[in-house]
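Visitor: Have a look; sequence and predicted model below, questions after that.
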Amino acid sequence: MYGAFAIAVALAMGLSLRNGFVYDDLPAIVHNSRVTDPSQWHTIPRSPYWLGTLWRPLTVTLYALQWFVGHGAPWVFHLVSLLGYLAVGVMLFRLLQRAVDQFTAFAVTILFLVHPVHVEVVANSVGQAELWVALALLAATSLYLGARQNGTELRSLPALLAIVTLGIMSKEQGFVAPLLLAGAEWLILGGRQEPLRARIRLLIPITALSVLLFVVRGVLLNSGIGETPAVALRTLNPAGRIVTFLGVIPEWARLVVWPLHLQADYGPPEIPIGGALTLRHWIGLALLAGFVALFVRCRKRTPLAAFGLLWTAIALAPVSNLLAATGIVMAERVLFVPTIGFAIAAAAIVRLQERHATRDIVLAVVILAWGVMLTIRSATRVPTWSTQERFFTAITLDGPRAYRGWKVAADYWDDAHDRPRAIADLTHAIELWPHDYEV
């Protein structure tokens, strides 16, 4: 089984070993003295991630160790990313094995590992933050379920607290761990006849720790949110953020189900910011209503599927711009942790179907064909992140209607001393969306 997972990762993402440092890798790793200078490593725990925002001390520490071991060679970072990605797949498989048959768990894990929406996380070194927080959330969930089912809560508590801490120190999505574990308690373990005190025995210290770390993070960053909002989102009120969120939902759905077209940047005018409701928003609202209806239905028939859907919703909450404006309108990398929930839900729903020889053959053929298609698309997308020039050439070709892609491409071409191309890209960015004072 594990050998097949390694082959799947190699076929879909293996070309990333040839990639260099691209885009956010440069400020977060190459030009970050806390990574490249061992004399500054002691400042990592109390310092922001990069550009004065966010707090990811574990991720930065792991960057520093990789830089030291490989003397700054990018292949070391990409090898670690591949191994981390494989570890996420193994953890997902082991979690699925608790509730579904071997074949279903295997097939869903393979599809997860070759999915093209994960390319940005694996092919770009800064995507490691997503990998480490995903590993922590999966490990915490598995350990929590095992502790509750085996009656080893007290023995498991120190390890749980350590894993949750590591997840939070990897990426902000780690703060959702108490909610995910509460969801597992409610949906997966909900049939157990136990007093409330027994059901929340582990959740209370885990929640308290998460709150404490959130306070520590806020003190270190001098900010509760800890991130500079994207220019397109800065003037939006809550109603405007809700409208924007509805416009993003169709893109999320497409990327999960049919991810043949990928791009490194999403935003206005391709994704409308605030304003009146359009057909795109109504489609988003319909998809949201369908998601909620499916959750309600699964809640009774297959609680594991309901838990997967809840996982997706909880993991998307911090990056949805509903609670607060973040630094991006949308990005493929933020779907990495939520797609774990989709994988859990898909496995549970497939398991629920009645077994029939003909149907099983058809399902296997469909899964194989889709898996091959996803693998090919992932393998052809990975080289986009190989060099700065290739990446910034592709960012505007892939997303011609996202103004910010033209903006960041102009920065690159200006640094590369191609000022006519930089000015042309900035001019086009203004034509697309004339509301960014930085442009």
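Guide: Great, that's in hand.
Visitor: Quick check: residue 31 vs residue 72, distance?
Guide: With distances taken as Cβ to Cβ, to the nearest Å, residue 31 is found 12 Å from residue 72. C-beta here means a position set from N, CA and C on the backbone, and glycine is covered the same way.
Visitor: quick one: which of these two has more around it?
Guide: residue 72 (15 against 12; other Cβ atoms under 10 Å).
Visitor: sec struct for that one, please.
Guide: The local conformation at residue 72, judged by DSSP: H, G, I helix; E, B strand; the rest coil, is coil.
Visitor: contacting residues for it?
Guide: Taking Cβ atoms under 8 Å, 6 or more residues apart in numbering, we find residue 72 in contact with 30, 36.
Visitor: Try it again at 10 Å.
Guide: 21, 29-30, 35-36, 66 (Cβ atoms under 10 Å, 6 or more residues apart in numbering).
Visitor: list the residues that contact both of residue 31 and residue 72?
Guide: Common contacts of residue 31 and residue 72 (Cβ under 10 Å, 6+ apart): residue 21.
Visitor: Just give me the closest of the contacts of residue 72 to residue 257.
Guide: Nearest to residue 257 out of the contacts of residue 72 is residue 21 (Cβ to Cβ; 31.9 Å).
Visitor: And residue 277, how far from residue 330?
Guide: Distance from residue 277 to residue 330, counting by Cβ to Cβ: 18 Å.
Visitor: When the two are compared, which one has more neighbours?
Guide: More crowded of residue 277 and residue 330, by other Cβ under 10 Å: residue 330, with 25 against 13.
Visitor: quick one, phi/psi of that one?
Guide: Backbone geometry at residue 330, expressed as degrees, to the nearest 10, gives phi -170, psi 150.
Visitor: What's the end-to-end length of stretch 229-248?
Guide: With Cα to Cα, to the nearest Å as the measure, stretch 229-248 spans 17 Å from end to end.
Visitor: Find the nearest non-adjacent residue to residue 107, please.
Guide: Of all residues not flanking residue 107 in the chain, residue 367 sits nearest, at 5.3 Å (Cβ to Cβ, 6 or more residues apart in numbering).
Visitor: Hmm, that neighbour is touching residue 347, no?
Guide: No - using Cβ atoms under 10 Å, residue 367 is not in contact with residue 347; the gap is 11.7 Å.
Visitor: Touching both of those two, which residues are there?
Guide: Overlap of the contact sets of residue 367 and residue 347 (by Cβ under 10 Å, 6+ apart) consists of 104, 107-108, 111.
Visitor: top of those by neighbour count?
Guide: Most surrounded of the shared contacts of residue 367 and residue 347: other Cβ under 10 Å gives residue 108, at 24 neighbours.
Visitor: could you measure that one against residue 421, distance?
Guide: 44 Å.
Visitor: Name the nearest residue to residue 350, sequence neighbours excluded.
Guide: Closest to residue 350 by Cβ to Cβ, 6+ apart is residue 104, at 5.2 Å.
Visitor: Contacts only, for the one you found.
Guide: With Cβ under 10 Å, 6+ apart, residue 104 has these contacts: 96-97, 346-351, 353, 363, 367.
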